[in-house]
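J.: missing the sequence, but the structure's below:
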RNA sequence: GGCCCGUUGGUCAAGCGGUCAAGACGGCGGCCUCUCACGCCGCAAACAGGAGUUCGAUUCUCCUACGGGUCACCA
């Protein structure tokens, strides 16, 4: 038995399976040619952000567009950051955005043949892989304490050396078997480190599907692959999992680019073929004139909860992300306004290699367009779902009379040029509140260039001539009549030509009516509004308004 | 600081040696038999800087500046 084999047995006496065993347990997938296997691997930290969704969409499109597999893995190797309810949140967010996994973790248990899909449950697999590395002499236990490491770093910086555990700085690299055995038997804690054969003076060519071929220094650090609790670090878990889960394409944030050489080295040490990589640029935010990565702490718009609470339509967020993800998406959308985003041919090569500023204006615009295309029924359903969660009293109002609510939401909807004033479910209430007597606030002010007595008389007179069966033309003709009676121009153009001859024009009459009936100077088409309000409400509001003057 | 990556209008971006340098959002102005919204028309607005290579550089190379990322028993 070689020394390293002995060491492997000493360190991992409980591991009896071999790598070959796992090769047969997790055989290469049988898939159509070109099919991609992707995964999204969030950490259960209780916080889901735009980046998670961003990456998930790339993964999902890549997999499903190619007839491959898209799966969910939970990366919970960091005990300290684990939060209760986090996996439920992950599940909820992906479901809400309509992302469907072919396999992986689910709240009901794992689905698929390449599990477990929760890293915490894969300990034996990692340890087996680690054992193999030790047996090959490519990994070793390190007993250095935190203080010793800090000490090392201090020495390195004072000497101008690069900090890190590598080369001759790697104190535990060449411990004798006897030494290790004694320490292990004494119960001294240790981490397992890769015995790097790299040299940072040398460069390697690495390939990224969006950034192309890059030149990076070789990894020379003896990185930790198993922490002292026996749980792998990200680096090692990634390599082992993506190998045995047979991932073909790894999509991850570009913060991983600098550790890319470590991963490649690890794949090589294991004797495995690495998958393809896509390092995605971060979503940025402008802060004091500088761009910076969207941050969990400072930017509420980074968290998915924000979008839910504000009531952004999920379709709008997906649409926005797609425009950011593939530069030719908008162009495609113009030609295919009705198509599902899934019909778009997504290409990794079309992804931007630099970070885009998060653009709320753009999102708003997209959202307006999407909501404008929805039917009143759809809008109603979505507002209802939002209100149930965030505005119970409004929910009650809406659900008490669905057909009234839908009539309101139908105003200006469905034609060639639909209104686009709705884009957030949380703003729907402001938009339609005056339709409900419970939320209606009678106006305090009318346009100032019209005398109060005129307003009062116009309202009284209008009440007498109002007929709920008038069509829009007749309705407007009556307003013109009123206009003439009170010294206002019946035609706007006539007023514009001779402004001094009139107190105002027919638009002012319409405005008086609008204000009386809606309490606002701004509203959708007044005729449509009074039709929906109905005779009783209209007359009552006009009377009350006239009396208050 | 070392190492990587990036840099076209305010923003997102087409472009891949020869273009009057697309388009979208935003802004501004105008039009549109009731406000708003919609729609339509128009305007302003960009190749970070400097060297090369070339007949010719936004496009290729190098340098500088600026921005970003990363240097953990976190992912």
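T.: All right, it came through fine. The shown structure was predicted, so the numbers you read here are calculated from the model rather than taken from an experiment.

J.: mind listing the helices for the stretch 351-500 of chain A?
T.: Using DSSP state H, counting those that start in this stretch, the helices of the stretch 351-500 of chain A run over A:360-373, A:376-390, A:392-400, A:402-410, A:428-432, A:452-465, A:472-485, A:492-497.

J.: now those helices in JSON lines, with distance to RNA strand B and mean pLDDT?
T.: All C-beta atoms are positioned from the backbone trio N, CA, C, and that covers glycine. Shown next, in JSON lines, are the helices of the stretch 351-500 of chain A (distance: least, C-beta to the nearest atom of the strand, whole Å; pLDDT from 0 to 100):
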{"stretch": "helix A:360-373", "distance to RNA strand B": "4", "mean pLDDT": "94"}
{"stretch": "helix A:376-390", "distance to RNA strand B": "14", "mean pLDDT": "97"}
{"stretch": "helix A:392-400", "distance to RNA strand B": "21", "mean pLDDT": "96"}
{"stretch": "helix A:402-410", "distance to RNA strand B": "14", "mean pLDDT": "96"}
{"stretch": "helix A:428-432", "distance to RNA strand B": "10", "mean pLDDT": "94"}
{"stretch": "helix A:452-465", "distance to RNA strand B": "13", "mean pLDDT": "92"}
{"stretch": "helix A:472-485", "distance to RNA strand B": "6", "mean pLDDT": "91"}
{"stretch": "helix A:492-497", "distance to RNA strand B": "5", "mean pLDDT": "82"}
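
J.: pipe these into CSV and attach mean neighbour count per row.
T.: Converted to CSV, the helices of the stretch 351-500 of chain A look like this (neighbours: other C-beta atoms under 10 Å):
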stretch, mean neighbour count
helix A:360-373, 18
helix A:376-390, 17
helix A:392-400, 15
helix A:402-410, 18
helix A:428-432, 19
helix A:452-465, 16
helix A:472-485, 16
helix A:492-497, 13
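
J.: so which of those is nearest residue A:150?
T.: helix A:360-373 (43.1 Å; C-beta to C-beta).

J.: who's in contact with that closest one?
T.: Helix A:360-373 has contacts (C-beta atoms under 8 Å, 6 or more residues apart in numbering) with A:301, A:312-313, A:315-317, A:319-320, A:323, A:337, A:379, A:413, A:418-424.

J.: quick check: angle from it to helix A:376-390?
T.: 130 degrees (axes from the mean of the first three to the mean of the last three C-alpha atoms, to 10 degrees).

J.: each with direction, which strands does the worst-scoring helix or strand of chain A on mean pLDDT pair with?
T.: Each helix and strand of chain A was given a mean pLDDT (mean pLDDT, DSSP states H and E); the minimum falls on strand A:290-293 at a mean of 76. The pairing partners recorded for strand A:290-293 under DSSP bridges are strand A:283-287 (antiparallel).

J.: what residues sit buried inside stretch A:110-121?
T.: Neighbour-count burial for stretch A:110-121, with 16 or more other C-beta atoms under 10 Å as criterion, is recorded at A:110, A:112, A:114, A:115, A:116, A:117, A:118, A:119.

J.: would you mind confirming that the last one is in contact with residue A:237?
T.: What that stands for is residue A:119. Yes. The pair residue A:119 / residue A:237 is scored as a contact, 5.4 Å apart, by C-beta atoms under 8 Å.

J.: what do those two both touch?
T.: In contact with both residue A:119 and residue A:237: A:75, A:77, using C-beta under 8 Å, 6+ apart.

J.: okay, and the beta partners of residue A:293?
T.: Using DSSP bridges, the bridge partners assigned to residue A:293 are residue A:284.

J.: distance of it from residue A:282?
T.: From residue A:293 over to residue A:282 the distance is 5 Å, taken as C-beta to C-beta, to the nearest Å.

J.: list the residues that contact both of the two?
T.: residue A:355.

J.: what about the strands in chain A?
T.: With strands called from DSSP state E, chain A shows them at A:37-40, A:69-72, A:103-104, A:139-142, A:191-194, A:203-208, A:212-217, A:224-226, A:249-253, A:276-280, A:283-287, A:290-293, A:356-357.

J.: Throw the ones you listed into TSV and include distance to RNA strand B and mean neighbour count, thanks.
T.: Compiled in TSV, the strands of chain A are given as follows (distance: least, C-beta to the nearest atom of the strand, whole Å; neighbours: other C-beta atoms under 10 Å):
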stretch	distance to RNA strand B	mean neighbour count
strand A:37-40	11	26
strand A:69-72	13	24
strand A:103-104	15	22
strand A:139-142	8	23
strand A:191-194	5	24
strand A:203-208	7	14
strand A:212-217	4	12
strand A:224-226	4	23
strand A:249-253	8	21
strand A:276-280	8	21
strand A:283-287	6	16
strand A:290-293	3	14
strand A:356-357	3	14
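
J.: which of these comes out lowest on mean pLDDT?
T.: Note on those: strand A:290-293 shows the lowest mean pLDDT, a mean of 76.

J.: check contacts around residue A:245.
T.: A:26, A:37, A:39, A:71, A:73, A:114, A:117.

J.: still on that earlier bit, are any of the contacts of helix A:360-373 buried, and which?
T.: A:301, A:312-313, A:315-317, A:319-320, A:323, A:379, A:413, A:418-420, A:422-424.

J.: so which residues on the stretch 101-250 of chain A come close to RNA strand B?
T.: Contact residues, the stretch 101-250 of chain A versus RNA strand B (C-beta under 7 Å from any atom of the strand): A:144-146, A:149, A:153, A:162-165, A:189, A:191, A:203, A:211-212, A:214-217, A:224, A:227-229, A:231, A:233-234.

J.: the closest residue to residue A:238 other than its chain neighbours: how many residues sit nearby?
T.: Distances taken as C-beta to C-beta, 6 or more residues apart in numbering place residue A:263 nearest to residue A:238, at 6.3 Å, with adjacent residues excluded. By other C-beta atoms under 10 Å, 23 other residues sit near residue A:263.

J.: read off the pLDDT value for residue A:263.
T.: For residue A:263, pLDDT reads 96.

J.: so how far is RNA strand B from it?
T.: 11 Å (C-beta to the nearest atom of the strand, to the nearest Å).

J.: list the contacts of that residue.
T.: A:235, A:238, A:239, A:256, A:274.

J.: between the residues you listed, which is closest to RNA strand B?
T.: residue A:256 (6.4 Å; C-beta to the nearest atom of the strand).

J.: who does the residue lying closest to the closest one once chain neighbours are set aside form a beta bridge with?
T.: In space, and not counting its chain neighbours, residue A:256 is closest to residue A:279: 6.1 Å by C-beta to C-beta, 6+ apart. Residue A:279 has these beta-bridge partners by DSSP bridges: residue A:252.

J.: please apply the same query to residue A:140.
T.: Note on residue A:140: beta-bridge partners by DSSP bridges are residue A:193.

J.: make sure it is actually in contact with residue A:176.
T.: No. At 11.2 Å, residue A:140 and residue A:176 do not qualify as touching, with contact defined as C-beta under 8 Å.

J.: now the top helix by length along chain A and helix A:452-465, what's the angle there?
T.: For chain A, the helix with the greatest residue count under DSSP state H is helix A:526-547. Helix A:526-547 and helix A:452-465 are oriented at 120 degrees to each other (the same axes, to 10 degrees).
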